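Asks: Quick one: sequence and predicted model below, then my questions.
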Amino acid sequence: MPTTGMKYFSQSLDTAGTFAKSVADLATFTSLLTDRDLEINEINPKDIRIGIYQNDVLSEASSDMVKALEKAASISEQAGFKVAKLVEPAELSKAHSLHSTIQCFEAAQTLGSEFDLYPELLSDGLKEAILEGKAIHPDEYDNARRSAKNARRKTHALYDDVDVILTPSAPGAAPHGFATTGIATFNKLWTLMGSPCVNIPAFRDGNNMPLGIQAVGKFGQDKQTLSIAHALEQIFRTICLTR
């Protein structure tokens, strides 16, 4: 979707997303916004292969979130989906570690004038990111972009074995208050890869707060990703409401 008029933080990573009450509503809304056919298709679970993404970042998820992912995998398998663990390739792990290099370098460029003219109006976190970006040499940034491109090729190959990947949407439940929207740990890699992602809010933690499981699809396969996410949402909600 166009980002014209948006004040960038990182021009190659910033994207526009949509929120809705359900995956079906999300598909309809995004279809109307983009004039693309993204409406839900009915799918047969037996035809769909799901990969449960395994990487070091999972250690940052709360115990409730880890249980929710395990529950999502178990329910999916019981519903007829083909489910298997998917170990993160080294290329994607490297790209994940270079996300901040790309983001901060671009932030130092796009927000450089604000930093120079109005530093007192910027948050400490934003100033820290800009300072980090200013210290990054262009060669380091260019190498990080090359690694990201290499990882995108490897990401395409992942979908030779699966149709969609499931990961946590966030480390845990939403934080209290309005000081922060939370930590983007589980979003950074897929934003860098350009993958379509759909949050499925069907689980809850010990405090009855919502937990989201994220369906990640292949680049360009937004309609399929939405359709699979919709099917999973229906199954997850049915199971969770009856238990």
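Replies: That came through, no problem.
Asks: Backbone dihedrals for Arg84, please?
Replies: No, residue 84 isn't Arg; it's Ala. phi -150, psi 150 (degrees, to the nearest 10).
Asks: any idea where the helices of this structure begin and end?
Replies: Taking DSSP state H as the criterion, the chain contains helices spanning 23-34, 63-78, 90-110, 112-117, 124-134, 138-158, 188-193, 222-241.
Asks: Let me see the contact set for Ile52.
Replies: Ile52 sits next to Leu69, Ala73, Val83, Ala84, Lys85, Leu86, Ile165, Leu166 when contact means CB atoms under 8 Å, 6 or more residues apart in numbering. From N, CA and C alone the C-beta is placed, and that goes for glycine too.
Asks: Repeat the analysis, applying 10 Å as the threshold.
Replies: Going by CB atoms under 10 Å, 6 or more residues apart in numbering, Ile52 touches 58, 69-70, 72-73, 76-77, 83-87, 162, 165-167.
Asks: And the pLDDT at it?
Replies: We have a pLDDT of 97 for Ile52.
Asks: What does the pLDDT read for the residue nearest the centre of the chain?
Replies: In the chain, the residue lying closest to the centroid (CA atoms, centre = their mean) is Asn187, at 3.4 Å. pLDDT recorded at Asn187 is 92.
Asks: For Leu111, see how far away the residue in the chain sticking out farthest from the centre is.
Replies: In terms of distance from the mean C-alpha position of the chain, Leu117 ranks first, at 33.6 Å (CA atoms, centre = their mean). Counting by CB to CB, to the nearest Å, the separation of Leu117 from Leu111 is 11 Å.
Asks: got the buried residues for stretch 22-38?
Replies: Using 16 or more other CB atoms under 10 Å as the test for burial, stretch 22-38 gives Ser22, Val23, Ala24, Leu26, Ala27, Thr28, Thr30, Ser31, Leu38.
Asks: next one: stretch 151-158
Replies: For stretch 151-158, the neighbour count (16+ other CB under 10 Å) marks Ala151, Arg152, Lys154, Thr155, Leu158 as buried.
Asks: do stretch 121-128 as well
Replies: Leu126.
Asks: re earlier: who's in contact with the residue nearest to the residue nearest to the centre of the chain when sequence neighbours are not counted?
Replies: Leaving out its chain neighbours, the residue that sits closest to Asn187 by CB to CB, 6 or more residues apart in numbering is Cys197, at 7.1 Å. Residues near Cys197 by CB under 10 Å, 6+ apart: 15, 17, 165, 167, 169, 186-187, 190-191, 214-217, 222, 225, 229.
Asks: quick one: Gly217 from Ser31, how far?
Replies: In terms of CB to CB, Gly217 sits 16 Å off from Ser31.
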